[in-house]
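Visitor: just the structure for this:
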Amino acid sequence: MIRLKDIAAQAGVSVMTVSKVLRDAPDISAATKVRIKALAQQMGYVPDSMAQGLRNRTTKLFGLVISATTNPIFSRVVMAIEEQAYELGYEMILAHSMNNVEREEKVIRRLLSRRVDGLFVTPVYRLDPQAHIYDELAKRGLPVVLLGHRAPFCSGFCSVETEDIQASFIATQHLIQLGHRRIAFFTGGNSSPSSQERFEGYKRALRENDIPLDDRLIFNAGATIEEGEKAALQMLNERPGATAVQAVNDLVAIGAADTFLNQGLHLPDDLSIVGFGNILTSEYFRVPLTTIRQPKFRLGIAAMESMQRLMRGERPENKRLQAEIIIRGSSGPPTAVSRT
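Guide: Residues are numbered from 1 along each chain as shown. Model prediction:
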């Protein structure tokens, strides 16, 4: 292992001079800095980040907690955060909560034990108004940015999220403008604020177009492809007369659409379907999916901007970014007698 005194001996200078060069101290000449830095690189010197952290009381580490990297929504969000962290000289420690409350608390505690300088967290949503680990984070005063909507148990933290009500309203409005009046909605979990907001956007569009809400058109579909498949089969069995389906996210929409196609329906002639998220698969599905494009990369950038403000002792505002609809082949006017 190459140490400062090894570089100093090779360069013919003091250990203090080498230390100042590597800290980019202003009282060392530019020529000396260039020479010693080049020598350090040539010798393979790697700074001890733990020792630097003890001196500076920082670790140059951020913690990032998401449900799972298998959720395609997170890919560009994580990429944006990591790119910004890299430019700032920080490393990321990634942890998965797997949407499990107990695991979420454990991974957050592990990150705290690593003395991270800040946390980015996609909360595991629950109906309880309080969560001990979030109360503890608030007491510690650690900079925390929520990647998603706030809920009662995490309401004291700043957040970065999509404007889900308006985005869902746009999706429903698109189907109404095509001529659909019997629009089914495949909902997400009851504890998820984003699912609730997307359902609210759907209901708002119905109200503004004088279309009564019909409970027979509402199906609990969760958040996965498998749950979308189950909801689609339930709708086919119950035959509520829907001519279109709006899903809480793209995974549910893809699971449902695959089921409809396998049952012999044609999209969009027999049934239109709209998702939410614009994951990569949606564009290349058997019938390209009309969906809401979330600003995933911009969400990551906004999250890092909020983190930097928190670390400066400021209080950033909660950010809600606008989304837009991407119209593809899965939606069209109702052209046949409903088979669903």
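Visitor: helix or strand: which one has the closest residue to Ile36 other than its chain neighbours?
Guide: Distances taken as Cβ to Cβ, 6 or more residues apart in numbering place Val21 nearest to Ile36, at 4.4 Å, with adjacent residues excluded. In this view, the C-beta of every residue, glycine as well, is placed from N, C-alpha and C. Assignment of secondary structure by DSSP states H and E places Val21 within helix 15-22.
Visitor: how about that helix as CSV, C-alpha atoms only?
Guide: C-alpha atoms of helix 15-22 as CSV (Å, rounded to 0.1, in the frame of the first residue of the first chain):
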residue,chain,number,x,y,z
VAL,A,15,5.0,14.5,3.9
MET,A,16,3.1,17.8,4.8
THR,A,17,3.8,19.1,1.3
VAL,A,18,2.3,15.9,-0.3
SER,A,19,-0.7,16.1,2.0
LYS,A,20,-1.3,19.7,1.0
VAL,A,21,-1.0,18.9,-2.7
LEU,A,22,-3.5,16.1,-2.4
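Visitor: show me which residues of that helix are buried.
Guide: Thr17, Val18, Lys20, Val21, Leu22 (16 or more other Cβ atoms under 10 Å).
Visitor: distance to Phe285 added to the residues you listed, as CSV?
Guide: Listed next are the buried residues of helix 15-22 as CSV, based on distance: Cβ to Cβ, whole Å:
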residue, distance to Phe285
Thr17, 62
Val18, 58
Lys20, 58
Val21, 56
Leu22, 52
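Visitor: go through those residues and name the one nearest Arg140.
Guide: Leu22 (31.3 Å; Cβ to Cβ).
Visitor: who are the contact partners of the spatially closest residue to Gly277 that is not a sequence neighbour?
Guide: Excluding the flanking residues, the one nearest Gly277 by Cβ to Cβ, 6+ apart is Asp250, at 4.2 Å. Each residue near Asp250 by Cβ atoms under 8 Å, 6 or more residues apart in numbering is listed here: Pro72, Gly275, Phe276, Gly277, Asn278, Ile279, Thr281, Ser282, Leu289, Thr291.
Visitor: one more time with 7 Å
Guide: Contact criterion Cβ atoms under 7 Å, 6 or more residues apart in numbering gives Gly275, Phe276, Gly277, Asn278, Ile279, Ser282, Leu289, Thr291 as the residues in contact with Asp250.
Visitor: output the below-cut-off pLDDT ranges for the stretch 1-150 of the chain.
Guide: 48-57 (pLDDT under 70).
Visitor: give me that answer again for 80
Guide: 1, 23, 45-58 (pLDDT under 80).
Visitor: which residues in the stretch 151-300 of the chain form helices?
Guide: 164-178, 193-208, 225-238, 250-262, 280-283, 296-311 (DSSP state H, counting those that start in this stretch).
Visitor: helix or strand right after the helix or strand encompassing Gln84?
Guide: Applying DSSP H and E as the criterion places Gln84 in helix 74-87. Next helix or strand after helix 74-87 toward the C-terminus (DSSP H and E): strand 91-96.
Visitor: one step back: isn't the residue nearest to Ile36 up against Val34?
Guide: No: Val21 lies out of contact with Val34 (Cβ atoms under 7 Å); the separation is 9.2 Å.
Visitor: could you find the closest non-adjacent residue to Ala80?
Guide: Nearest to Ala80 is Gly300, by Cβ to Cβ, 6+ apart, at 2.6 Å.
Visitor: wait, what's in contact with the residue nearest to Ile36?
Guide: Val21 neighbours (Cβ under 7 Å, 6+ apart): Ile28, Thr32, Lys33, Ile36, Lys37.
Visitor: can I get the buried part of those as one ChimeraX selection?
Guide: Those of the contacts of Val21 that count as buried under 16+ other Cβ under 10 Å are selected in ChimeraX with:
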select :28,33,36,37
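Visitor: so how many other residues sit close to the residue lying closest to Glu105 once chain neighbours are set aside?
Guide: Counting by Cβ to Cβ, 6+ apart, the nearest residue to Glu105 once its immediate chain neighbours are dropped is Ile133, at 4.4 Å. For Ile133, the tally of surrounding residues (other Cβ atoms under 10 Å) stands at 19.
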